[in-house]
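**Q** Following is a predicted model, sequence given first.
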Amino acid sequence: MRISINPAAGKQSFSTGTNLHDLAKLLARQGTLRALVRRLGSSSIFLTVHLGDRQVEVEVPLQGHVLTPGQLLELTLHDEHSIYLKVLEPPGPAVEVDAPSQLEHVLAELNIPPTEEAILVAKALVDRGFPLQESLVWSILPWAEQGFLEEAFLALEARFPLKQEVLTMIRHLVSKSVREPILTEASEIPTDLLEPFKRPSLENRTLWESRLSGGEAFKALARLLVEERFVEAFLSRQGSPHQFTHVFALPFLRQDNLYAGWLRITRDSPAAKEDGGLPMSFRIELQIPTASLGLVDVELVVEGKEVSATLSLEAQPADIKAAIEAFGQELNEAGWQLRKLQVRRWSDAEGSGFTL
């Protein structure tokens, strides 16, 4: 279980006068710290944090019995807005926090009727590492009652607002396939944009902004950009604290239908480079639906001047081997040190995609 706390929300102090901002600074220097759950308050949890040969107490603003006294935690700094608490060891014969009786007791303490939906929300909060707070339960409960529980948590994890249009967008994004067009019969795209839109590119994301002011194509492209920001925010929150993730949706026309490819670029942070003593590494992944090869997934891993490439194809033409050998030769001639170059069937790579 992993819990996120916000240093900006922590007005409480250590007994030594240290606050959550100081804790964040310590974590930025040391990477991780160990802490022990000492006691529970009505709206806070008190931790004993180990700092070398001394210990200090911090009051963490988490409401509800998410943790149990005696549990050992690992504290890490995710970013300037989040400190992660990870449970390393249970306290022993403690009651499971997701047991219905325990959840009903916690909800009663929070003055929330322990309905079936409320218990479902409380269990989902605990399972996903969120604090079991009264305001958080009340904010999600209406959406759970409407059947949007999963979408509400995805929005919460990406720090998107819990609004009907946002949750509807997330449901559409989760249910659709990259193989499907985002709009069929996109005939309203201006003639002078047809040629640029025949190929996926970053430039296509902005060409239409000053040319389209309404219509189905405009709505589809605007929704695509919102989906792009959501996917990037969600993946960034789920990734390693030493990585940065950038996501781009690449719209393009195939015949009369509007499709989108997805590009993700993940890179190590400078801190990770210094700590590990390794060259900066990048992972570039492209998913794109094609007419001749079906869905194609391209993954490039770059570390310094070394590069590895993996292509996953739904259909493999007879001349693919020669094409791949030529691609590898081009990489070598361009100065790259090729570590791996392979092609595999998409069925062998299913599940490796990054879109939701």
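**A** Sure, I can see it.

**Q** how about the strands in the chain?
**A** Remark: strands assigned in the chain by DSSP state E are 2-5, 32-40, 45-51, 54-60, 72-79, 82-89, 243-254, 257-268, 281-289, 295-303, 306-313, 337-345.

**Q** what about S175, distance to T168?
**A** S175 sits 11 Å away from T168, going by CB to CB, to the nearest Å. Where you see a C-beta, it was placed from the backbone N, CA and C, and this is true even at glycine.

**Q** Looking at the two, which is more packed in?
**A** With other CB atoms under 10 Å as the criterion, S175 and T168 differ in neighbour count, and T168 comes out ahead with 12 against 9.

**Q** Need the strands of the chain in TSV (columns: mean neighbour count).
**A** Compiled in TSV, those are given as follows (neighbours: other CB atoms under 10 Å):
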stretch	mean neighbour count
strand 2-5	19
strand 32-40	17
strand 45-51	20
strand 54-60	19
strand 72-79	18
strand 82-89	17
strand 243-254	19
strand 257-268	20
strand 281-289	18
strand 295-303	18
strand 306-313	19
strand 337-345	13
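
**Q** Quick one, which of those gets closest to W138.
**A** Closest to W138 of the strands of the chain, according to CB to CB: strand 2-5, at 19.0 Å.

**Q** show me what contacts W336?
**A** For W336, the contact set (CB atoms under 8 Å, 6 or more residues apart in numbering) comprises K305, E306, V307.

**Q** tell me the least confident of the residues you listed?
**A** pLDDT across the contacts of W336 is lowest for K305, at 86.

**Q** can you point me to the longest helix in the chain?
**A** helix 215-238 (DSSP state H).

**Q** Next, the buried residues of that one.
**A** When burial is assessed from 16 or more other CB atoms under 10 Å, helix 215-238 yields the following buried residues: 217-218, 220-221, 223-224, 226-228, 230-237.

**Q** Equivalent analysis for stretch 115-130, please.
**A** With burial defined by 16+ other CB under 10 Å, the residues of stretch 115-130 counted as buried are E117, A118, I119, L120, V121, A122, K123, A124, L125, V126, G129, F130.

**Q** Mind picking the two most distant members of the residues you listed?
**A** Within these (distances taken as CB to CB), the two that end up farthest apart are E117 and G129, at 20.4 Å.

**Q** Do I have it right that V137 meets L107?
**A** Yes. Here V137 lies in contact with L107, judged by CB atoms under 8 Å, at a distance of 7.3 Å.

**Q** Low-confidence regions, the stretch 1-150 of the chain specifically.
**A** Counting by pLDDT under 70, the low-confidence segments of the stretch 1-150 of the chain come to 1-20, 39-43, 52-53, 62-69, 79-81, 89-102.
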